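**Student:** Next input, structure requested:
(3 chains)
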Amino acid sequence: MDLKFRFDDPQYVHITNPEQAAQAVAELEKHDMLGVDIEGTGLDPYVDKLLLVQVGTAEKSYIFDAQRMSLFGLEPLIALLENPKIIKLMHNGKFDYGFIKLQVGAKVANIYDTMLAEGILTAGIKHLQSLAALSEQYLETRLNKSVRKSFEELKYQITEDQLKYSALDTLVLFPIFDQQFKRLKEENLVNIAKLEFAVTVVVAEMELKGIYIDVDMWRKIIDELRKKRVGFALQFQDAIRPLYEATQVDLFGVNSEVINMNSQPQLMDLFNNKLGVIVPSTGDEILVGVDHPVAKILRDYRAYEKLISAFGESLLAKVNKKTGRLHPDFMQLGTATGRFACANPNLQQIPRNSEEAPFRKCFKPAAGYKLVVTDYSSMEMRILASLSKDKMLVDTIKNGYDIHSRTASLMWGLEYSADFKKKYPEQRQAAKIINFGLVYGMGPGGLARQIGKSMDEARELMDVYFRSYPDIKKWLNRAGDDAVRRGWSVTPAGRKRWYHMPETTDPDYKRKISQIQREAKNHPIQGTNADVTKYALVFMQDRLKKEGVDGFVTHTVHDEVVCEVREDQAEDWAKIQVEEMVRAGELIIKDVPIASEPFVGDVWEH
DNA sequence: AGAGGTGGTG
DNA sequence: CATGCACCACCTCT
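**Tutor:** Numbers count the residues shown, from 1 in each chain, chains lettered A, B, ... in the order given. Predicted structure coming up:
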């Protein structure tokens, strides 16, 4: 590897006043590609302090010192970072984007992100992708990570070691880029990479904007759930107390708990040794079939315990002190298929509104704004139709039929009608289970378990299904076989997923191949859904700007996008939001129409 | 600290 | 409940 810098002696310029800054920018402006990185005292751009902004060429890093001079509003630097003609090499640019936007006042434009590029190149077989790991992998050299830690306690002057470390963070990006970009071209992944680089700006803005949560309303819901939980807990302990030898009474003569209801081993002992009900596990699917009052009480307790523990006070602790809003971490390549993953908190797993736990009603717009929510309808079935080009499924969707009803109608020769769901609810339900199961690569065994019938009956049912949709069967089998033969699968938009192929001598060979086949049946479907939603996010961001709308993308859940838009503009914007969702879908899916429904209101629902 | 079980979402 | 995809959070136990 022929490097343009030395790991032990990187070239850098420490910039501590505006004159030096202007001079540095004049030099940097001559290049069409720059490395950009920041150092700060922590991870939160709202509360932690920006210390350094490094902007570098392939040979030299220019380090703007935010402690020695104010970087906020520094015009030459802002113009440089916002210059759309200069490619900014960044590693997890979303993070730096936030600090730079809030504490420099610049919106970094034209990003190439080495972390995202690596995620695209290793989807499904992901390994470490920190900058240090990439540096080792591509440059066979180690970055000294210990220096980064030292920024957290930074009080006075930056040391020479810290400056060298900071300089290397922009220098290493160039040779990594060279090798990554070559591979992106070889794998035909340049378009997907461009998509991800555009998306990362939307995500950065989305995270900065955050989402408002009505804390008081949330607490009221939890309190009600707690009351109900304690009732079931007491019932449970009283019911099982006679079964245990030592009567647990505490110092005050109050009956205490007999067993820990959250303990799997203790519950297994209770059922198998005390109650005489043999269960393989204590999951709900098993308990629902156990004819014993204790099982029923446990199920009720579990439902409340789940909501309280997973969505209770812990979520409120994540409200940002500065903004009063939630700023979750959206990981745009957090999954093997291209979907987002979300954490801290995971707003993609907030329970759907129910009578007892209307959690989503707590997510509201700011005063004077509305939430505009759009989601794709039956997206995965539309994608399956488009991929398989199955005549009947395409026909079903083109005619706007209810997909599960039409499927049942075809399977059993029942006449399709608008009120089919009312007339043949069981048939429709069975068809729905197959439709959903198929996009997950389900087989007869899985279907039998789902509908509680025998393996033979399930196999017969799938035969009947595939007689109506023969090309779906062909497509699914081919998707699985292609992946096993090639070691990867791909979406129409070009997103790839790789698979670890087992050795033929592997004792689990058959099981692992089946696993790959299922994953490969699902990947083009789920991945296309992700591709489409990501295009929609980019289109929406563009339109918000172009139309001068006072609004923001604030949330996305796989096939759904939420915007927060000024009240008087919300209805007009909702039409545009649908338009962009559909346009994104039609860009990739040509054989069937795309549909998206808007909801405008004061709570998160659709 | 990490694994396994359980269960919330699409 | 190994035999349906993709996740994350919380709990208990080792």
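
**Student:** The helix or strand hosting A:Lys101 near DNA strand C anywhere?
**Tutor:** Per DSSP states H and E, A:Lys101 falls inside helix A:93-103. No: using C-beta under 7 Å from any atom of the strand, helix A:93-103 never reaches DNA strand C; the gap is at least 15.0 Å. Every residue, glycine included, has its C-beta placed from N, CA and C.

**Student:** Show me which residues of chain A sit near DNA strand B.
**Tutor:** Residues of chain A lying near DNA strand B (C-beta under 7 Å from any atom of the strand): A:264, A:281-285, A:287, A:299, A:302-303, A:306-307, A:310, A:346, A:348-352, A:526, A:557-560.

**Student:** In the stretch 451-600 of chain A, what residue comes closest to DNA strand B?
**Tutor:** A:His558 (3.3 Å; C-beta to the nearest atom of the strand).

**Student:** is it true that that residue touches A:Asp531?
**Tutor:** No: look at A:His558 against A:Asp531 with C-beta atoms under 8 Å: they stay out of range, at 11.8 Å.

**Student:** who's more crowded, these two?
**Tutor:** A:Asp531 (28 against 18; other C-beta atoms under 10 Å).

**Student:** picking up where we left off before, how much distance is there from the very next helix or strand once past the helix holding A:Lys101 to the middle of the chain?
**Tutor:** Next helix or strand after helix A:93-103 toward the C-terminus (DSSP H and E): strand A:111-113. Relative to the chain's own centre, strand A:111-113 is displaced by 19 Å; criterion: C-alpha atoms, centre = their mean, to the nearest Å.

**Student:** in the stretch 351-500 of chain A, which spans are helices?
**Tutor:** A:379-388, A:391-398, A:403-412, A:420-423, A:425-438, A:444-451, A:455-468, A:470-486 (DSSP state H, counting those that start in this stretch).

**Student:** Tell me which of those is the most buried.
**Tutor:** helix A:379-388 (a mean of 24; mean count of other C-beta atoms under 10 Å).

**Student:** tell me the mean pLDDT over that helix?
**Tutor:** Averaging pLDDT along helix A:379-388 yields 96.

**Student:** just checking, what packs against that helix?
**Tutor:** Packed against helix A:379-388 by the contact rule (3 or more C-beta pairs under 8 Å, 6 or more residues apart in numbering; DSSP states H and E) you find helix A:391-398, helix A:470-486, helix A:509-546.

**Student:** and A:Arg497, which of these is closest to it?
**Tutor:** helix A:509-546 (4.8 Å; C-beta to C-beta).

**Student:** is DNA strand C contacted by the helix or strand following the closest one?
**Tutor:** For helix A:509-546, the succeeding helix or strand toward the C-terminus, using DSSP H and E, is strand A:551-556. No: legend: contact between strand A:551-556 and DNA strand C by C-beta under 7 Å from any atom of the strand is lacking; minimum distance shown is 13.7 Å.

**Student:** Now do strand A:551-556 against helix A:509-546, angle only.
**Tutor:** Relative orientation of strand A:551-556 and helix A:509-546, computed by axes from the mean of the first three to the mean of the last three C-alpha atoms, to 10 degrees: 170 degrees.

**Student:** Buried residues of the next helix or strand after strand A:551-556, list them for me.
**Tutor:** Downstream of strand A:551-556, the first helix or strand assigned by DSSP H and E is strand A:560-566. Within strand A:560-566, the residues scored as buried using 16 or more other C-beta atoms under 10 Å are A:560-565.
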